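**Q** the following block contains a protein sequence and its predicted model.
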Amino acid sequence: MIREEKTPETRLMRSLRLLAPGTTLYEGLENILRARTGALIVVGDSEDVLKLCDGGFHVDGELNPANLYELAKMDGAIIVSRDARRILLANTHLAPDPLIPSLETGTRHRTAQRVAIQTGELVIAISQRRNVITLYQGPAKYVLQDIGVILAKANQALQTLEKYKSVLEQVLTNLTALEFEDLATAFDVATAIQRTQMVARIASEIERYIAELGSEGRLVSMQLDELMVDIEDEGLLVIRDYLRGEGQPKPEALWEQMLGWSSEDLLDLTLITRSLGYTSGMNALENLVTPRGYRILTKIPRLPFPVIDNLVAVFGTLPKILEASIDQLDQVEGIGEVRARAIKEGLRRLREQTLIDRHM
């Protein structure tokens, strides 16, 4: 699911999808690239963009590869609608603020960067000599790579993801076993969060490759979906289990915050435990911690999340849920006798399977 354009990363993902193989815009750019004519294209028809336009021709026609290629033969810029479906202006002169700093040397690329910074819209510059497509959006710059190079990088990233996923599964199995024994430490929790973050970052990188590959990335997308099944929400559930203290951010907000950490910060397990609301100290990572039970309860089939919420609200921690009798479970809203027995049986089976997996 594509999120709203709130961050440079999500805006870049949208832009890459607009330009991916299989799209009309991509075919037009390929024609321009092969002809070595160069082009300056603004994808956006906001008032800020139109203010910068001087002269040119009002086209207001459908965007197709042939039209885009023919119009690119002229010297001026091409203005395309935000959804990249219509060509609005051609051969127009763009006059961005010359005081906006730019490190680009070519006139076309310098103009593209300044327009992108001034308007926030996607601007595409195709180099006539270097045969390269460069994207500018806000302060961000991204150079499109050859499809073969992207595929190679995506496959390498998939292999890396597979290895990291294997390690993550071992860490999570160990954490689950310790939780059943009520012996989990801050170190075990921080390690699990660290590993899920690493896997999420690799998956995010592969998603960018998929966006750039377009119709050529179907197989990569299928492999990513298969690798990420059942583990996508594990990190968030671990945070939900162990986040403590008043005034702490919501689990989802903390997870997103961690995604923005540097690699060095992510390697600091003490920093992870502090972000969860635990005190830091020499032996802080050795302190025993108790889960609420969200992650383990979600593994029980046909147990809705609102019911899990009710269980945690009533009992507070996983050990107390494990100790609860069928009659006690039956008293929780949304749980009848049948579901209470299913919860007890599900926890028993999960505990046995975890101990088996741990020693394999």
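**A** Structure's in. What do you need?
**Q** mind checking how far N67 is from Q128?
**A** Separation of N67 from Q128 (C-beta to C-beta, to the nearest Å): 20 Å. Bear in mind the C-beta positions are built from the backbone N, C-alpha and C, glycine included.
**Q** and for G235?
**A** Distance from G235 to Q128, counting by C-beta to C-beta: 46 Å.
**Q** of these two, which one has the most company?
**A** G235 (25 against 15; other C-beta atoms under 10 Å).
**Q** who are the neighbours in contact with the closest residue to that one other than its chain neighbours?
**A** Nearest non-adjacent residue to G235, counting by C-beta to C-beta, 6 or more residues apart in numbering: T196, 2.9 Å away. With contact set as C-beta atoms under 8 Å, 6 or more residues apart in numbering, T196 has these partners: L168, I231, E234, G235, V238.
**Q** how far is the helix or strand harbouring T196 from where the chain is centred?
**A** In the assignment (DSSP states H and E), T196 maps to helix 186-213. Centroid separation for helix 186-213 versus its chain: 9 Å, with C-alpha atoms, centre = their mean, to the nearest Å.
**Q** got the buried residues for it?
**A** 186-203, 206-213 (16 or more other C-beta atoms under 10 Å).
**Q** repeat for stretch 326-346
**A** For stretch 326-346, by 16+ other C-beta under 10 Å, it's L329, D330, V332, I335, R339, A340, A342, I343, K344, G346.
**Q** so what touches that stretch?
**A** Counting by C-beta under 8 Å, 6+ apart, L297, K299, I300, P301, R302, L303, P304, P306, V307, N310, L311, V314 sit against stretch 326-346.
**Q** low-confidence ranges, the protein, go.
**A** 1-8, 246-247, 282, 359-360 (pLDDT under 70).
**Q** longest strand in it, by residue count?
**A** Criterion DSSP state E: the longest strand present in the chain is strand 86-94.
**Q** for stretch 314-332, measure first residue to last.
**A** 7 Å (C-alpha to C-alpha, to the nearest Å).
**Q** just how off-centre is that stretch within its chain?
**A** Stretch 314-332 sits 36 Å away from the centroid of its parent chain (C-alpha atoms, centre = their mean).
**Q** check stretch 302-312 too.
**A** 27 Å.
**Q** also stretch 233-248?
**A** 19 Å.
**Q** and the contacts of that stretch?
**A** Stretch 233-248 has contacts (C-beta under 8 Å, 6+ apart) with 168, 172, 175, 189, 192-193, 196-197, 199-200, 251-252, 254-255, 276-278, 289, 291-295, 298, 318.
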